[in-house]
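1. Here is a sequence together with a model predicted from it:
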Amino acid sequence: MTARLFDRAWLLSDSPQSRTQAAWGRRYRLWRDFRANRPALIGFVTVVALLLCAIFAPLLATHDPVAQNLGQRLLPPSAAHWLGTDELGRDVYSRLLYGARITLGMVLAVVALVAPVGLAIGCIAGYYRGIADVVLMRVTDVFLAFPRLILALAFVAAIKPGMTSAVIAIALTTWPPYARLARAETMTIRDADYIAAVRMAGASPGRIILRHIMPLCLGSLIVRVTLDMSSIIIFAASLGFLGMGAQAPSPEWGTMIATARRFLLDQWWVPLIPGIAILVASLAFNMMGDGLRDALDPKQG
């Protein structure tokens, strides 16, 4: 089996002999189309590099990210401190690496919360229609009616500023578009012949939704999630900048900008470098999302 995964003729066969061959062939074609998109491939490599930097931050960091040394405050980039030091003498490079853990960790936590919830709500509303559709979509409209940042700030202020509150607040304001997307996909699928055949075979509505509708909605949902990751990064950084997300001395990128914004004109490297990190991460996720969209649906390319 492992040897066949490297056999292009087996992967690209027009008449697969098994479901396994068909599945791997589909995955290979998707990867081939994605790889042909140079900006998407650059975005993918950048995202992988950022994740590896976050995972191996303790090995890559040259200093303790929270260790203060007032005698070396606001030093410019040098051999001793590759990206300089901040207002408390902390190494900016080391804080940037550990900040990737916090920022990207918050993004992944938000996605893990909102994607299943939005998918489930949208599929249930689109399949059952009627009163279930009306109730669920009106709840969705209520969340969409409020500006995302204002709703998140209100939620965090009502509980307690911190990373956990920020993740929950971002999740509360992010799931409605996923629910609407899953509902639209479900409404086009539910009356298809193969769904009718499964229904006539005696499958329950729950089984139909879980086994036959949700998997067909995953492609569009994955693309939407990937494209939204850039806005989630900016959202998390915004909450940190406003003091409602990760709290100092935590090296979160938005918090780093907030504490160093007064040095923008003189010691520019302190606030600018975490801002560049936010820009690079957001751009990488956008480029990767565009490539996934084109690979999964070439008609949109």
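-> Arrived safely. Because the structure is a prediction, the values reported are computed rather than measured.
2. Show me the shaky parts of this structure.
-> 1-7, 297-301 (pLDDT under 70).
3. tell me the residue furthest from the middle of it?
-> G71 (39.1 Å; Cα atoms, centre = their mean).
4. so who does it touch?
-> G89 (Cβ atoms under 8 Å, 6 or more residues apart in numbering). The way it works is simple: take the backbone N, C-alpha and C, and place the C-beta from them, glycine included.
5. And the one 10 residues further on, by the same measure?
-> For H81, the set of contacting residues under the criterion of Cβ under 8 Å, 6+ apart consists of 62-63, 72, 75, 91-93.
6. which of the residues you listed count as buried?
-> Taking 16 or more other Cβ atoms under 10 Å as the criterion, what is buried in the contacts of H81 is 63, 75, 91-93.
7. Going by distance to W82, which of the residues you listed wins?
-> Y93 (4.5 Å; Cβ to Cβ).
8. what's the distance between the closest one and P39?
-> Look at Y93 and P39: by Cβ to Cβ, to the nearest Å, they are 27 Å apart.
9. Also G99?
-> For G99 relative to P39 (Cβ to Cβ), the value is 25 Å.
10. Which one of those two is surrounded by more residues?
-> G99 (27 against 14; other Cβ atoms under 10 Å).
11. wait, isn't that one in contact with A248?
-> No: using Cβ atoms under 8 Å, G99 makes no contact with A248, being 11.9 Å away.
12. ok, the spatially most central residue of the chain - contacts?
-> Per Cα atoms, centre = their mean, the C-alpha nearest to the average position across the chain is that of M229, at 3.3 Å. Shown here is M229, whose contacts under the criterion Cβ under 8 Å, 6+ apart are 107, 111, 285, 289.
13. 7 Å instead, please
-> 107, 111, 285 (Cβ atoms under 7 Å, 6 or more residues apart in numbering).
14. mind checking which helix or strand the last one is in?
-> For F285, the element it lies in under DSSP states H and E is helix 269-296.
15. For the contacts of M229, pick the one with the most neighbours.
-> Greatest neighbour count in the contacts of M229, by other Cβ under 10 Å, goes to F285: 26 neighbours.
16. Nothing else from me, thank you.
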